[in-house]
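J.: 3D model of this:
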Amino acid sequence: MIDIHCHILPGIDDGAQSMEDSITMAKQAAKEGIDIIIATPHLNHQYNNRKQSILEKVDALNLVLEKEGVGVKIFPGQEPRIYGEIIEDYEKDEIQTLNCSRYVFIEFPSNHVPRYSEKLLFDIQVKGLTPVIVHPERNSELMEHPDVLYNLIEKGALTQVTASSLCGYFGKKIQTFSEQLIEANLTHFIASDAHNVVNRAFKMVEAMDLIESEYGMDYVYMFKENAELLVKNKNIMKEIPERIKKKKRFLFF
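T.: Numbering: from 1, shown residues only. Okay, the predicted model is just below:
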């Protein structure tokens, strides 16, 4: 299994704080059947992780994991918080796409979607890249106005839901929205967004078991296959997106 979103690189953001933490995370991933992890350190106002530094740290971690006999391979990635100059920084070779593919993560702030997002996601696609919006299920504006996400996906963006969200570790509301995203074909990847092995662990097996029981093995296959296709820089599988219909509220007098 491939995990396309993980904060496993040591000491550079709010994920693994040491090489020992990274090794512990990799061992837990291996127990879940994960053999490839894309390391996606933050790029935002707090963490300034650029492409060259990420590549160096991925190489260093792979050497340690090989020496330790941990059967997990780390590939390079990045989690940029959306900002206006992201294309300029990509042209300056500072943005690390997912395993050097055309797929690039985009993170929204947790409480809103910036007004320039639609235009910027379009411009990213004009550059030949495919934006993947991470954890949309945890964005309060998208929860309240899911048509905003529908419109972005209609225009070519993809999304990735977090395994822990689907399993209820962020609360019932986020879990319900995660399920709605799957049911409406508004997400294309399931990934861990793991930061450690305590309160932000992988939960990938638990999520895939839940998907199998709720939606069937075809969905499990699709999500696993899409991660493989992304790593190989191939076109992913996707269904026609649908709008999430808000349930009507009945008032009783």
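
J.: how about low-confidence regions in the stretch 101-250 of the chain?
T.: By pLDDT under 70, the low-scoring segments of the stretch 101-250 of the chain are 246-250.

J.: redo that, cut-off 90
T.: The model of the stretch 101-250 of the chain has pLDDT under 90 over residues 245-250.

J.: how about the helices in it?
T.: For the stretch 101-250 of the chain, the helices defined by DSSP state H, counting those that start in this stretch cover 117-126, 140-144, 146-154, 163-166, 172-183, 204-215, 217-231.

J.: just those helices: most buried one?
T.: Mean neighbour count (mean count of other CB atoms under 10 Å) peaks for helix 163-166 among the helices of the stretch 101-250 of the chain, with a mean of 26. The way it works is simple: take the backbone N, C-alpha and C, and place the C-beta from them, glycine included.

J.: what comes into contact with it?
T.: Identification of contacts with helix 163-166 by CB atoms under 8 Å, 6 or more residues apart in numbering yields 135, 137-138, 170, 174-175, 178-179, 182, 190-193, 200-204, 206-207, 210-211.

J.: The same query, at a cut-off of 7 Å, please.
T.: The list of residues contacting helix 163-166 from outside it, by CB atoms under 7 Å, 6 or more residues apart in numbering, reads 135, 137-138, 170, 174-175, 178, 190-192, 202-204, 206-207, 210.

J.: Using CSV, write out every CA atom in it.
T.: Taking C-alpha atoms only, helix 163-166 is exported to CSV below (Å, rounded to 0.1, in the frame of the first residue of the first chain):
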residue,chain,number,x,y,z
ALA,A,163,-7.9,8.2,6.9
SER,A,164,-8.3,9.4,10.5
SER,A,165,-11.1,11.8,9.4
LEU,A,166,-13.0,8.9,7.8
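
J.: Can you give the distance of that helix from its chain's centre?
T.: Its chain's C-alpha centre and that of helix 163-166 lie 11 Å apart, by CA atoms, centre = their mean, to the nearest Å.

J.: Repeat that for stretch 117-136.
T.: With CA atoms, centre = their mean, you get 14 Å for stretch 117-136.

J.: follow-up on the earlier one: out of the helices of the stretch 101-250 of the chain, which is closest to I34?
T.: Closest approach to I34 among those is made by helix 204-215 (6.3 Å; CB to CB).

J.: by how many degrees do that closest one and helix 217-231 diverge?
T.: Per axes from the mean of the first three to the mean of the last three CA atoms, to 10 degrees, the angle that helix 204-215 makes with helix 217-231 is 130 degrees.
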